[in-house]
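S.K.: only geometry, no sequence info:
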């Protein structure tokens, strides 16, 4: 999965020469990568790091490390990514790569296919490492059957827990995300998103007013008219953030 045609052609040409390899699909961007992997369930994916729409790391997050095929990354210049790959013992091809380096990566992939559990753990650790060293979640990928929605985090009005899912409220639309609120919260920028109830996280930019409510409680009025009660245990955190926006 690579947005550069020459890179895809080179990888495809080298793979066709391998008798134990069958090419089941290609993709030119991150959106296609998510769709193709979900549809075809390959054993191995050559995945570019820098792609339009969503990057290679966001593809893994969308599929989930536990369901992701074995990955050989391709990258041109992301030095931080290279350090992350090395730390998690994941293989990568630094573009432009030669045939010798390609075959070393492929041989390693063959060995790693026998140890899928370790590879999945490494992918999960890679995402955690990148998240710790990079920005918070910029885009959310929500899947519903064959439909895949790519939503920028800044466009989300509020999140609502729904069992083992979280509902994303985006204007008049809503999307289900298979995760829990506790797993989602650390991935969100705490300067933009604030938890106001155990089951609700709100985009700070969508809050219009903070109003008094029953028995000393408070209510949030969002810009689209949505009303949400503010849990007492979350009040101080919200008030601190609101004060910071006016300083």
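M.R.: That came through, no problem. From a predicted model like this one, the values you see are computed outputs, not experimental measurements. Residues are numbered from 1 along each chain as shown.

S.K.: residue ranges of the helices in the protein, please?
M.R.: Here the chain has its helices, by DSSP state H, at 5-16, 30-40, 56-63, 79-87, 99-112, 116-133, 181-184, 235-246.

S.K.: Lowest average confidence across those helices, which one?
M.R.: Within those, the stretch with the lowest mean pLDDT is helix 79-87, showing a mean of 58.

S.K.: What are the neighbouring residues in contact with the residue lying closest to residue 45 once chain neighbours are set aside?
M.R.: Leaving out its chain neighbours, the residue that sits closest to residue 45 by C-beta to C-beta, 6 or more residues apart in numbering is residue 69, at 4.8 Å. From N, CA and C alone the C-beta is placed, and that goes for glycine too. The contact partners of residue 69, by C-beta atoms under 8 Å, 6 or more residues apart in numbering, come to 37, 41-45.

S.K.: now residue 200
M.R.: Counted by C-beta under 8 Å, 6+ apart, residue 200 has contacts 158-161, 228.

S.K.: And the residues you listed, which is closest to residue 140?
M.R.: For the contacts of residue 200, the closest approach to residue 140 (C-beta to C-beta) belongs to residue 159, at 9.3 Å.

S.K.: Bridged to that closest one, which residues?
M.R.: Counting by DSSP bridges, residue 159 is bridged to residue 168, residue 201.

S.K.: Of the helices of the chain, which stretch is the most buried?
M.R.: Of all the helices of the chain, helix 56-63 carries the top mean neighbour count, a mean of 23, counting by mean count of other C-beta atoms under 10 Å.

S.K.: what's the angle between that one and helix 30-40?
M.R.: Orientation check (axes from the mean of the first three to the mean of the last three C-alpha atoms, to 10 degrees): helix 56-63 against helix 30-40 gives 40 degrees.

S.K.: How is the chain partitioned into domains?
M.R.: 5-133, 139-246 (automatic domain parsing).

S.K.: For ChimeraX, what selects the buried ones among the contacts of residue 69?
M.R.: What follows is the ChimeraX syntax selecting those of those that are buried according to 16 or more other C-beta atoms under 10 Å:
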select :37,44,45
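
S.K.: List just the nearest of the contacts of residue 69 to residue 57.
M.R.: The nearest member of the contacts of residue 69 to residue 57, counting by C-beta to C-beta, is residue 45 at 13.2 Å.

S.K.: For the closest one, give the beta-bridge partners.
M.R.: residue 71.

S.K.: There's contact between it and residue 37 in this structure, I believe.
M.R.: Yes - with contacts counted by C-beta atoms under 8 Å, residue 45 reaches residue 37, the gap being 6.4 Å.

S.K.: Can you give me the first-to-last residue distance of stretch 149-162?
M.R.: End-to-end distance for stretch 149-162: 18 Å, by C-alpha to C-alpha, to the nearest Å.

S.K.: Mind putting the contacts of residue 69 into CSV with distance to residue 149?
M.R.: As requested, the contacts of residue 69 are exported to CSV (distance: C-beta to C-beta, whole Å):
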residue, distance to residue 149
37, 17
41, 21
42, 23
43, 27
44, 27
45, 22
